[in-house]
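Trainee: Following is a predicted model, sequence given first.
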Amino acid sequence: SDNEIDEKINQVLTDLKMLDRKNHLISNLSGGQRKRVSIAVELMTDPLILFLDEPTSALDPQTVDDFLAIMKNLSNKGTTVIMVTHKPEDLEYMDDVIFMAEGGHIVFYGDSKKYKEYFNVKTSVSVFSQISGKNAKKWIEKYLNPRPLGNTSSSFKFNQASETSMLKQFFWLTRRYFTIKTNDKVNTLLMLSQAPIIAVLICLIFAELSSAVLFMMAISAIWLGAQNAAREIVSEGAIYKRERMYNLEILPYILSKISVLTVFSFIQSFIFILILLIHFSSSLESLNDPIYHFIWMFILSITSTFLGLLLSSLVKTSERAMTILPLILIPQIMLAGLITKVNNIFVEFISYFTISRWGVEGFSIIQKNIIEDVSVGLYEISSQKINALNFMLERFYDSYSDKKIFGDFTATLTLDAYIILIMIIIFFVCIYKNLKNMDSIKN
């Protein structure tokens, strides 16, 4: 419950002496306080073991003293803290200590109060001169058989990963992701404003509902969906890996992304079609069936969202995702069939793998009629109403329009929907496999 979550947060912050900073931004915290917050994130799941890599580096003496006292208190409460350090003074807070010589050889493991006697030195700094260079060999040989770290006969056991139902994981992941998106109000408004801006530009440029408008509707749906999702996995790679090692299931993780991004796609598609509906209502040809136009644009946007998530699951950085994105979107423009006529079977075959190819065809089937400029005489041009689907089929290779490949399914909304569905399934499976490959431990 929310109360249990707040209680846990307050408990962890109290243990780390950070409760008074609870409502402060991370950017307003000192270096030592930021380290404590990093520790707090890990302590939320009550870990049995906490690994720290040089946590006291770059901290002032007072902060180091406070920090190590907190770690000591955690160990007294049952958390095993294993810490790597190059600062001898840190050893005063440790129960046990391991000294390692060059090459990773253990030369001492035992009580932190007895290592000076073992090495026959007066200061902890002197130990390092004993276990480096030529002297190291003597201590390595002295410690012939390193003892195991702990009693192997102990009844101590690790808790298994928390078992939480996938439905419950989906709920909390979706809630968290939606909160993250809506908390960033500026970015959310910019994302939602893309659809009306593009729609208004189309209205300013096109006075009549032509094939170019249908083309722009398909490309806009693809752009909005892919753009929304291209950074959504790669930007939280570290969080995903941590939660995946604990108990995160891949399926609810993917579905939570799709669910939230689908909401934004719904809003964008609705606004986009509404603006075009209003604009072309006074033209020679209006949107034939705005509801079907909206549904088809929404479907294309969701498909492109899967494409964006696939890209995000493949790359290592957000910057690389945005660099590759145009290389994915430009072929969608070139192979849609309306920029220029497809005049060979090879290009025709490649176009079958683009969302835009089937997206434009779907809009052409739904719209039925469009307005195109047709040459009447040598110099006279007239705007005429023509069949949208026939106009589009003339732009493709004869093997498609002659029904040599898909038979009676050729140029039907059923074929377009089936191919879009197949693309969604392929994208989903690839995303799942890519996320599975990110696992630190391979099963």
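Mentor: Nice, I can see it.

Trainee: List the buried residues of the lengthiest helix in the chain.
Mentor: Secondary structure of the chain read by DSSP state H shows that its longest helix is helix 250-280. Within helix 250-280, the residues that count as buried by 16 or more other CB atoms under 10 Å are 250, 252-258, 260-262, 264-265, 268-269, 271-273, 275-276, 279-280. All C-beta atoms are positioned from the backbone trio N, CA, C, and that covers glycine.

Trainee: Quick check: end-to-end length of stretch 368-387?
Mentor: 6 Å (CA to CA, to the nearest Å).

Trainee: Give the rounded mean pLDDT of that stretch.
Mentor: Across stretch 368-387, pLDDT averages out at 73.

Trainee: for stretch 79-96, same thing?
Mentor: Mean predicted confidence for stretch 79-96 is 86.

Trainee: what does that stretch contact?
Mentor: The contact list for stretch 79-96 (CB atoms under 8 Å, 6 or more residues apart in numbering) reads 43, 46-57, 64, 68-69, 71-72, 74-75, 97, 109-112, 115, 123-125, 127-128.

Trainee: Select from these every entry located in helices.
Mentor: Checking the contacts of stretch 79-96 against DSSP H, those in helices are L43, V64, L68, A69, M71, K72, L74, S75, Y115, V125, V127, F128.

Trainee: so where's the protein uncertain?
Mentor: For the chain, applying pLDDT under 70 flags the ranges 58-59, 144-163, 374-382, 397-399, 401-402, 404, 441-443.

Trainee: Show me the strands in it, by range?
Mentor: 49-53, 80-84, 96-101, 105-111, 369-375, 381-387 (DSSP state E).

Trainee: Convert the C-alpha atoms of the fourth one to PDB, please.
Mentor: Backbone C-alpha positions of strand 105-111 (Å, rounded to 0.1, in the frame of the first residue of the first chain) are rendered in PDB as follows:
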ATOM      1  CA  HIS A 105      46.100 -13.300  -4.600                       C
ATOM      2  CA  ILE A 106      44.600 -13.300  -1.100                       C
ATOM      3  CA  VAL A 107      47.300 -12.800   1.500                       C
ATOM      4  CA  PHE A 108      45.200 -12.300   4.600                       C
ATOM      5  CA  TYR A 109      41.600 -12.900   5.600                       C
ATOM      6  CA  GLY A 110      40.500 -12.400   9.200                       C
ATOM      7  CA  ASP A 111      39.700 -10.000  12.100                       C
END
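
Trainee: got the angle for it vs strand 96-101?
Mentor: Counting by axes from the mean of the first three to the mean of the last three CA atoms, to 10 degrees, strand 105-111 lies at 160 degrees to strand 96-101.

Trainee: show me the residues around D289 that make contact.
Mentor: Residues near D289 by CB under 8 Å, 6+ apart: I366, Q367.

Trainee: go again using 7 Å as the cut-off
Mentor: Contacts for D289 were tallied using CB atoms under 7 Å, 6 or more residues apart in numbering; they are I366.

Trainee: Check I295 too.
Mentor: So I295 contacts nothing (CB under 7 Å, 6+ apart).

Trainee: any idea how far it lies from F170?
Mentor: 25 Å (CB to CB, to the nearest Å).

Trainee: any idea how far F270 lies from I291?
Mentor: 11 Å.

Trainee: ok, back up a step: show the buried residues in the contacts of stretch 79-96.
Mentor: 43, 47, 50, 52, 55-56, 64, 68, 71, 74, 97, 109, 112, 115, 124, 127.

Trainee: Closest to S165 out of these?
Mentor: P47 (22.5 Å; CB to CB).

Trainee: would you list the strands of the chain in TSV and tack on distance to I9?
Mentor: Below are the strands of the chain laid out as TSV (distance: least, CB to CB, whole Å):
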stretch	distance to I9
strand 49-53	18
strand 80-84	21
strand 96-101	31
strand 105-111	36
strand 369-375	58
strand 381-387	63
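
Trainee: Ok, which of the ones you listed comes nearest R242?
Mentor: For these, the distance to R242 is smallest for strand 49-53, at 12.5 Å, taking CB to CB.

Trainee: Could you list every helix and strand in contact with the closest one?
Mentor: In terms of contacts (3 or more CB pairs under 7 Å, 6 or more residues apart in numbering; DSSP states H and E), strand 49-53 is packed against strand 80-84.

Trainee: change it to 8 Å
Mentor: Packing contacts for strand 49-53, counted by 3 or more CB pairs under 8 Å, 6 or more residues apart in numbering; DSSP states H and E, involve helix 31-43, strand 80-84.

Trainee: Just the angle for that strand relative to strand 80-84, thanks.
Mentor: 20 degrees.

Trainee: For strand 49-53, what is the distance to the chain centroid?
Mentor: 26 Å (CA atoms, centre = their mean, to the nearest Å).

Trainee: try stretch 205-214
Mentor: Per CA atoms, centre = their mean, the centroid offset for stretch 205-214 relative to its chain is 36 Å.

Trainee: if we look at that stretch, which residues are touching it?
Mentor: 202, 276, 280, 283-287, 338, 360, 363-364, 367, 370-372, 383, 388, 391-392.

Trainee: Can you flag the buried ones in those?
Mentor: Buried by 16+ other CB under 10 Å: 202, 276, 280, 285-287, 338, 360, 363-364, 367, 370-372, 388, 391-392, out of the contacts of stretch 205-214.

Trainee: Looking at the ones in helices among the contacts of stretch 79-96, spot the one nearest F306.
Mentor: Of those, the one sitting nearest to F306 (CB to CB) turns out to be L43, at 36.2 Å.

Trainee: K72 versus the closest one, what's the distance?
Mentor: Applying CB to CB to L43 and K72 gives a distance of 14 Å.

Trainee: So for the spatially most central residue of the chain, what's the nearest residue that isn't a sequence neighbour?
Mentor: Centroid-nearest residue in the chain, with CA atoms, centre = their mean: I233, separated by 0.8 Å. Distances taken as CB to CB, 6 or more residues apart in numbering place S312 nearest to I233, at 3.9 Å, with adjacent residues excluded.

Trainee: same check, this time on K436
Mentor: K436 sits nearest to I250 (CB to CB, 6+ apart), 6.3 Å away.

Trainee: quick one, what contacts the closest residue in space to F306 that isn't next to it in sequence?
Mentor: Distances taken as CB to CB, 6+ apart put F427 closest to F306, at 3.7 Å, once the chain neighbours are dropped. Neighbouring residues of F427 by CB under 8 Å, 6+ apart: T303, F306, L307, L309, L310.

Trainee: wait, which of the residues you listed is closest to M334?
Mentor: Taking the contacts of F427 together and measuring to M334 by CB to CB, the closest member is L307, at 16.3 Å.
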